[in-house]
Each structure stands twice: as structure tokens, then as C-alpha cells.
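1. Structure here, sequence nowhere to be found:
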């Protein structure tokens, strides 16, 4: 039996406070850098029978948002 990547435990509403955690990290990073940023993170959820799930959150990196300063037009290729 092969392992399966399942994002349901991370995305299920009320299961873990991922959205408020990410919002707080983004806010802190943007305040620290003075610009919009993107963040990279990892979440590991372990579940044991009869026990509540446990989650570990890893904040991997933060970098400035790559946004072009000029308008980019994309032609319709149809």
C-alpha cells in the first residue's frame, strides 16, 4: 500500500487554525519588510487511533512578492 498525500486534515474548517495563523504570519512579515510577501510553509498532521490529531507547522521562508511594475497584456490565443 503506497502512502497518500491527503490535505483534508489541514483544510477542514475548525480542525486546525491554519487561516488565522497564516494571516498573522503574513501580517508580521509584511510589517517587517515593508512590502507584500509570499511565504512557504509545511504542515504535518499525525493521527493515532483514539487520540486527537496533532499538527506541526513549519515556517520555511519568506520572500518579496514578485509583481511586475508595468502592466502585462496577454493576447487571447484562441
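-> Thanks, I have the structure now. Predicted, not measured: the structure shown is a model, and the values here were computed from it.

2. from here on, contacts and neighbour counts on C-alpha atoms
-> OK.

3. helix/strand/coil for residue 30?
-> Under the three-state scheme (DSSP: H, G, I helix; E, B strand; the rest coil), residue 30 adopts helix.

4. who's in contact with it?
-> 36-37 (C-alpha atoms under 8 Å, 6 or more residues apart in numbering).

5. Return the distance of it relative to residue 37.
-> Remark: distance between residue 30 and residue 37 (C-alpha to C-alpha, to the nearest Å) = 6 Å.

6. Ok, residue 7 next?
-> With distances taken as C-alpha to C-alpha, residue 7 is found 24 Å from residue 37.

7. Between those two, which has more neighbouring residues?
-> Neighbours per residue, other C-alpha atoms under 10 Å: of residue 7 and residue 37, the larger number sits with residue 37, 16 against 11.

8. Please identify the helix or strand for the spatially most central residue of the chain.
-> Centroid-nearest residue in the chain: residue 41, 5.6 Å away (criterion: C-alpha atoms, centre = their mean). Using DSSP states H and E, residue 41 sits in strand 37-46.

9. Just the buried residues of that strand, please?
-> residue 37 (16 or more other C-alpha atoms under 10 Å).

10. quick one: that strand to chain centroid distance?
-> What separates the centre of strand 37-46 from the centre of its chain is 5 Å, taken as C-alpha atoms, centre = their mean, to the nearest Å.

11. Following the chain past it, name the next helix or strand.
-> Using DSSP H and E, the helix or strand that follows strand 37-46 towards the C-terminus is strand 54-64.

12. Now do that following strand: distance to the chain's middle.
-> That offset, for strand 54-64, works out to 8 Å (C-alpha atoms, centre = their mean).
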